[in-house]
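Trainee: Need a 3D model of the following:
(chains A and B, ligands or ions: 1)
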Amino acid sequence: MEQVKTHRIVLQPTQVELTAPAGTPLRDLLFEQGVEFPCGGRGRCRGCRIRVREGSAELNDAQRERLSEEELRNGWRLACQCSLAGNLVVELRQWDAAILADDSPFVFEPRPGLGVAVDLGTTTLVAQLLDLTTGHVLAVRTALNVQARYGADIMSRVEYATAGDHLPELADLIRRQIASLIDQMIFSSKSVRAEIRDVVLVGNTVMHHLFCGLDVEPLSHYPFESPHAGLQQFRASALAWNLDPQATIRFLPCLGGFVGSDVLAGVLATRLSESEEIGGLIDLGTNGEIVVGNNSRLLCASTAAGPAFEGARISMGMRAATGAISQVVVERQQLVCHVLGNAAPQGLCGSGLVDAVAAGLDLQLIDPSGRFSNGRKEWTLATPVVLTQSDIRELQLAKGAIAAGLSLLLGRLGAGINDVKKLYLAGAFGNYISRASARRIGLIDMPIDQVSPAGNTALLGAKLALFSGDDEGGSYGRLRRKIEHVALKSDAKFQEVFVDGLAFPQLSEVQS
Amino acid sequence: MSLFEEMQQAIIDGKAPVVKELTQKALSEGIKPADIFPKAIVPAMDEVGRRMRDCEFFIPEVLIAARAARAATDILRPLLVGDAAARPAGTVVCCTVKGDLHDIGKNIVAMMLESAGFRIIDLGADVSAEKIVDAVRAHDANLVAMSALLTTTMVNMKSVIEALAAAGLREKVKVMVGGAPVTESWARSIGADGYGKDAPAAVDLARSLAAA
Ligand code: B12
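Mentor: Residues are numbered from 1 along each chain as shown, chains lettered A, B, ... in the order given. This is a model prediction of the structure:
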């Protein structure tokens, strides 16, 4: 049998060393390390810049267009356009002083010591260790939330916590897990433990409660409002974390209902609250959080889209990992599927699902009603991966919920979709989804140049919070008061708008 | 195509104004109101149910068809009051349980049951066990149809069944349950009389429970 050649890649400044088969796209390798691809890895932005320190990486037209001659001479490349052709040492632009480089009006005062920012998601965690003087990211760790084995979604976790008095157990699990991520980061970056002063966590209301050890019973039933959704602060000693006992751990305040500080952080990161123009932020996850507004008023809601965008409840759905079809395009009436990790296709992840349905609509294999035309029952995308009728129905429910939430929130603001000048898509999925396909299926009914992937805005906002604090003791009270939480469940128009939004647009409606 | 067939097609296609027109035409031709139900509306909605089960129809098509059927039933109902031949197939108290406001599935089930000839007492969403007990008594219902969409509110179905028993009504009503997180075995474990996975299943179930 032929031996597949492997190469080594070293990432700076984190010093992570990886080995992978020759020809593996850097995009797939780096994505797993937390590198983000704002344009979805299509060579259309400069977000994934890397600097080749040793070895060489290929150059193509997309890169010549985006990078200056000087940058190219100095070894800068777009990671999404390169694959592993030999041993490499690369420097990651994203781990460099993103905050210092940002000309935001945030009061950023370099201060001594180190800080940790954590995005505590229902499914995944991302933690970064930062140098508070320079703004450099010293280490990154991602992991699956250990609580996930007690329920994939927030409601099942709430149920587990309340039904058997498992709250202390869940809180303990997640606290230990984050402590161990911090330990790993200290170790890998050879940092001094005692220099960590401040840890900022963000997450949805359930994650907030389960980390802080607060009763989730009020979140188990209507009206889903908890009395303890504010800023929670701990000393390291109180959590039994092996840090300076005086180090503070802050879980930023929730916005209302299930909308948590990850969305507050998203508002900080996208600066929606500073511009006069109306902007929006959408997290296309299970809870489908949406924020719209401007510097005078912001409204937020969660639309409970369900996990279709994450590939769950889809017959051959899977997470965006090796073997997942992540992209589907039609070229000369032929389907072309991109499979992550240069592997044989095994399933379909959220971005692939959206692309596949968009392609089906363009090829007229799928009617605008969502039904396969000509009595077809399923459609083979790339053997053995198929798209079934009920997969399309699941996607319709998810996109209908998001579209309805957006339209109802805008309605309350007295605005329409045309008034929105900028729409940010948060989260990993927002990075990978094709905006053209999102528009084709009616998920986002606006010209794609006004829609921009914003990366992990929760983590970015948590980082900003590490540097800025605010004048109300880190509680972001002023910003919070500006953001109003809307409970969509009490909106009498929801059903009508949701049902109207289940169908897909006709081709003529999306050609502008 | 006969008039009944035309009506069926118009309901399936969701053309409410056509259904209304055809209903009036049928009445003016002397067709008995009580005949229109079994010959036009019920078979049309059965076909809608079949298409829904086969994934051919989705929520919008079903709702539009049910709305079209309603154009006929709105005209016929007042004419049928007191008509012994047009006794409802049963009286169903339906709702989404306490703590839960998801009502789209419940609304579809209610509309399908209505066009299958059941009398519907729709209590809405976030409904307490007491309210259900009161409604069963007040309307002399023989069926209760409950919906829940949340893992955390499903348990309230059990309390309703207990409340019905405590009020001495459990023998009198059949209880059916549904909603995305609900399963057959869960339904059995709480002592419900039946579970339906979708609206057409709800209709079949209601028919068999009402006949039992
Ligand atoms: C629309 C929706 C909403 C709307 C509800 C609007 C409304 N008026 O109903 C809004 C946005 C308000 C909402 C809010 C919430 N939602 Co919600 N929502 C959904 C969504 C997208 C679709 C549900 C739906 O309408 N399906 C279509 C109907 C037709 O299907 P159905 O209800 O299952 O009904 C069919 C069958 O089950 C059956 N059936 C139903 N009832 C009965 C009864 C009987 C007797 C029988 C026989 C059959 C039967 O027949 C029906 C027709 O075939 C789902 C996600 C998804 N993709 O499914 C989440 C979902 C149900 N919601 C969820 C959650 C968590 C919430 C919130 C708690 C959280 C939040 N993020 O805000 C709130 C709570 C609201 C409340 N107080 O109850 C979760 C539940 C998870 C869980 N494990 O419990 C889901 C699954 C999404 C997720 N996060 O994964 N939601």
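
Trainee: Please count neighbours and contacts with C-alpha atoms only from this point.
Mentor: Fine.

Trainee: where are the low-confidence patches of the stretch 51-200 of chain A?
Mentor: For the stretch 51-200 of chain A, applying pLDDT under 70 flags the ranges A:94-109.

Trainee: Up against chain B, what does it have?
Mentor: Near chain B, the residues belonging to the stretch 51-200 of chain A are A:Met155, A:Ser156, A:Val158, A:Glu159 when assessed by C-alpha under 8 Å from any C-alpha of the partner chain.

Trainee: Just the element for the nearest residue to A:Leu443 once chain neighbours are set aside, please.
Mentor: Leaving aside its chain neighbours, A:Leu443 sits nearest to A:Lys399 (5.2 Å; criterion: C-alpha to C-alpha, 6 or more residues apart in numbering or on different chains). Element membership for A:Lys399 (DSSP states H and E) is helix A:389-412.

Trainee: where does that helix sit relative to the chain's centre, distance-wise?
Mentor: Here the centre of mass of C-alpha atoms in helix A:389-412, compared against the chain's by C-alpha atoms, centre = their mean, to the nearest Å, lies 19 Å away.

Trainee: what about it and the ligand, touching?
Mentor: Yes - contact of helix A:389-412 with the ligand is found when judged by C-alpha under 6 Å from any ligand atom, involving A:Glu394, A:Leu397, A:Ala398, A:Ala401.

Trainee: between the very next helix or strand once past that helix and helix A:389-412, how big is the angle?
Mentor: Beyond helix A:389-412 in the direction of the C-terminus, DSSP H and E gives the next helix or strand as strand A:420-426. Here strand A:420-426 points in a direction 130 degrees away from that of helix A:389-412 (axes from the mean of the first three to the mean of the last three C-alpha atoms, to 10 degrees).

Trainee: residues in contact with the helix or strand following strand A:420-426?
Mentor: Tracing the chain C-terminally past strand A:420-426 and defining elements by DSSP H and E, one meets helix A:427-432 next. Residues lying outside helix A:427-432 but in contact with it, judged by C-alpha atoms under 8 Å, 6 or more residues apart in numbering or on different chains, are A:36-41, A:283-285, A:309-310, A:326, A:350-351, A:425, A:453-458.

Trainee: Just the ones of those in helices?
Mentor: Filtering these for membership in helices, criterion DSSP state H, returns A:Gly350, A:Ser351, A:Thr457, A:Ala458.

Trainee: can you list the residues you listed in a markdown table and add neighbour count?
Mentor: Output for the ones in helices among the contacts of helix A:427-432, formatted as a markdown table (neighbours: other C-alpha atoms under 10 Å in any protein chain shown):
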| residue | neighbour count |
| --- | --- |
| A:Gly350 | 29 |
| A:Ser351 | 28 |
| A:Thr457 | 27 |
| A:Ala458 | 32 |
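
Trainee: Point out the least confident one among the residues you listed.
Mentor: Summarising pLDDT for those: the lowest-scoring member is A:Thr457, with 88.

Trainee: For that one, give me its contacts.
Mentor: Under the criterion of C-alpha under 8 Å, 6+ apart, the contact partners of A:Thr457 comprise A:Asp262, A:Ala265, A:Gly266, A:Ala269, A:Thr270, A:Ala426, A:Gly427.

Trainee: Tell me the pLDDT of B:Cys95.
Mentor: B:Cys95 carries a pLDDT score of 98 in this model.

Trainee: And it, how far from B:Trp186?
Mentor: Here the distance between B:Cys95 and B:Trp186 works out to 18 Å (C-alpha to C-alpha, to the nearest Å).

Trainee: neighbour count winner among those two?
Mentor: Neighbours were counted for B:Cys95 and for B:Trp186 using other C-alpha atoms under 10 Å in any protein chain shown; B:Cys95 has more, 25 against 16.

Trainee: Could you see whether chain A lies near the host helix or strand of that one?
Mentor: When elements are assigned from DSSP H and E, B:Cys95 belongs to strand B:91-96. No - when contact is scored as C-alpha under 8 Å from any C-alpha, no part of strand B:91-96 falls within range of chain A; the minimum is 12.1 Å.

Trainee: can you give me the offset of that strand from its chain's centre?
Mentor: Remark: strand B:91-96 is offset 8 Å from the chain centroid, using C-alpha atoms, centre = their mean.

Trainee: which residues are contacting the following helix or strand past that strand?
Mentor: Next in sequence after strand B:91-96, counting helices and strands by DSSP H and E, comes helix B:104-115. Contact with helix B:104-115 is made by A:495, B:41-42, B:45, B:62-63, B:66, B:69-70, B:73, B:94-96, B:119-120, B:122, B:146-147, B:179, B:198-200, B:202-203, B:206, as judged by C-alpha under 8 Å, 6+ apart.

Trainee: What about the residues you listed, which are in helices?
Mentor: When the contacts of helix B:104-115 are checked against helices using DSSP H, the ones located there are A:495, B:42, B:45, B:62-63, B:66, B:69-70, B:73, B:199-200, B:202-203, B:206.

Trainee: Return the entry from those residues with the maximum number of neighbours.
Mentor: In terms of neighbours by other C-alpha under 10 Å, these top out with B:Ala69 at 32 neighbours.

Trainee: which one is that one nearest to, not counting chain neighbours?
Mentor: Using C-alpha to C-alpha, 6+ apart, the closest residue to B:Ala69 is B:Ile11 (5.7 Å).

Trainee: from the chain's centre, how far out does the host helix or strand of that neighbour sit?
Mentor: Taking DSSP H and E as the criterion, B:Ile11 maps to helix B:3-12. Taking the mean of its C-alpha atoms, helix B:3-12 sits 20 Å from the chain's own mean (C-alpha atoms, centre = their mean).

Trainee: What's the local residue count around A:Gly442?
Mentor: By the measure other C-alpha under 10 Å, the count of residues near A:Gly442 is 24.

Trainee: Give the helix, strand or coil label for it.
Mentor: Under the three-state scheme (DSSP: H, G, I helix; E, B strand; the rest coil), A:Gly442 adopts coil.

Trainee: Identify the residues contacting it.
Mentor: Remark: with contacts taken as C-alpha under 8 Å, 6+ apart, A:Gly442 is in contact with A:Lys399, A:Ala403, A:Gly501, A:Phe504, A:Pro505.

Trainee: Then A:Val202?
Mentor: Counting by C-alpha under 8 Å, 6+ apart, A:Val202 touches A:118-120, A:208, A:251-252, A:260-262, A:265, A:458-459, A:462.
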